[in-house]
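# Sequence first, then the predicted structure:
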Amino acid sequence: MNNKFFAETLIRWYTHQHRDLPWRQTRNPYYIWLSEIILQQTRVAQGLPYYEQFVGAYPTITDLANAPEQEVIRLWQGLGYYSRARNLHQTAKHIAYQLNGVFPSTYNELLKLKGIGPYTAAAIASFAFDEAVAVVDGNVYRVLARVFGVDLDIASSQGQKKFAQLAAELISTEQPALYNQAIMEFGAVHCTPTSPDCLLCPFQGVCEANLTGRVTQLPLKIKKTKVRVRHFHYFILMKDGQLAMNLRTERDIWQQLYDFYLVETDHSDATLDSLPLPLFLQKALSQSVMSESSETITHILTHQRIQAKFWQVALPSGFDSELPSSLRFFTQEEIDELPKPVLVSTYWKARFFE
């Protein structure tokens, strides 16, 4: 199979089968960049309303740059990987203020921006500026591995080099934007991970994986990331109608989001008496009315599983022990406006607005 046949077949399939998505109807690099950042580690169905919210709230890159970071993170709430939102905001400020609002137009210049890697740079460069640089994402790995029978581990340096080289050889230099959209869409809706439609596949007669019975075995990914199990004990400190919230500043999940005071343990059967509580919390518990949450809540992240308990602590009005600097008391109305992890936000709404 020659390169021209592969590219033309994909583009022909895409012309008739692609989904109608708003970021495909524009050459505006700002909108394309927004969509690509939002869709990292996110399904299209989940990301679409976020894209529409961001475009509605910040129609230009200057609007995004001028927005308070907390507002941007709150709008991002629920998408996870919050470093994406922080990088998005920082890059918007850099383009708006340092580059006079002019988006870089080449792959190499785009790579210099914070939060933009090879895939995102290739997507923006081709979709917005028609630069003939190939995108390589999970969908592309899958299509190339199956059609060309590439049995190298996609997580290995050798495999990544091979796929990048193959993708660069195959891209249509005449229609790079259309080709890149086509190969990603083909992997997303036709050559899918678990239920590829091989019967109606335009490559059915030439696909190496189909001809050799290896469709379910490719692409090859040997290394699997181990899921980390974590045990969270949240203490909801309440006083005079307000609740204490903690701003997460450490390098961990949910950075710059607000949660309740957290005590983490390395096992699931920790009792209140066995928790490693700081002195201020020991004092608070000795003077307070406390109730435990009715159940342990499980929250799943990509590579982590959180087992969380919530302990409600009603502090006396005169409680004057010094709290950690990261804790501040807020009214319920103020907490509604704070950016919070989905785990905390879900519990907050269920417990205080039931």
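Received the coordinates, thanks. Residues are numbered from 1 along each chain as shown.
# Report the secondary structure state of the residue nearest to N66 when sequence neighbours are not counted.
In space, not counting the residues next to it along the chain, N66 is nearest to A96; the distance is 7.6 Å by Cβ to Cβ, 6 or more residues apart in numbering. Where C-beta positions appear, they are placed from N, C-alpha and C, glycine not excepted. Classification of A96 by DSSP: H, G, I helix; E, B strand; the rest coil places it in helix.
# how about A96, what does it touch?
I61, T62, L64, A65, N66 (Cβ atoms under 8 Å, 6 or more residues apart in numbering).
# Please pick the buried ones from those.
I61, T62, L64, A65 (16 or more other Cβ atoms under 10 Å).
# Redo those residues as JSON lines? Include pLDDT.
Formatted as JSON lines, these follow (pLDDT from 0 to 100):
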{"residue": "I61", "pLDDT": "98"}
{"residue": "T62", "pLDDT": "98"}
{"residue": "L64", "pLDDT": "98"}
{"residue": "A65", "pLDDT": "98"}
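# Identify, from those, the entry nearest to F103.
Using Cβ to Cβ, I61 is the member of those that sits closest to F103, with 7.2 Å.
# Apart from its neighbours in sequence, what residue is nearest the closest one?
Distance criterion Cβ to Cβ, 6+ apart; nearest residue to I61, sequence neighbours excluded, is Y30 at 4.6 Å.
# Got the phi and psi for K239?
phi -150, psi 130 (degrees, to the nearest 10).
# nearest spatial neighbour of it, skipping sequence neighbours?
Using Cβ to Cβ, 6+ apart, the closest residue to K239 is L315 (4.1 Å).
# What residues does the one you found make contact with?
L237, M238, K239, A284, Q287, S288 are the contacts of L315 under Cβ under 8 Å, 6+ apart.
# rewinding a little: count the residues that sit near the residue nearest to I61.
If you count neighbours by other Cβ atoms under 10 Å, Y30 ends up with 22.
# circling back to that earlier point, restricted to strands, list the buried ones among the contacts of A96.
With strands taken from DSSP state E, there is no overlap with the buried ones among the contacts of A96.
# Dump those to TSV, plus distance to D20.
As requested, these are exported to TSV (distance: Cβ to Cβ, whole Å):
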residue	distance to D20
I61	25
T62	28
L64	25
A65	30
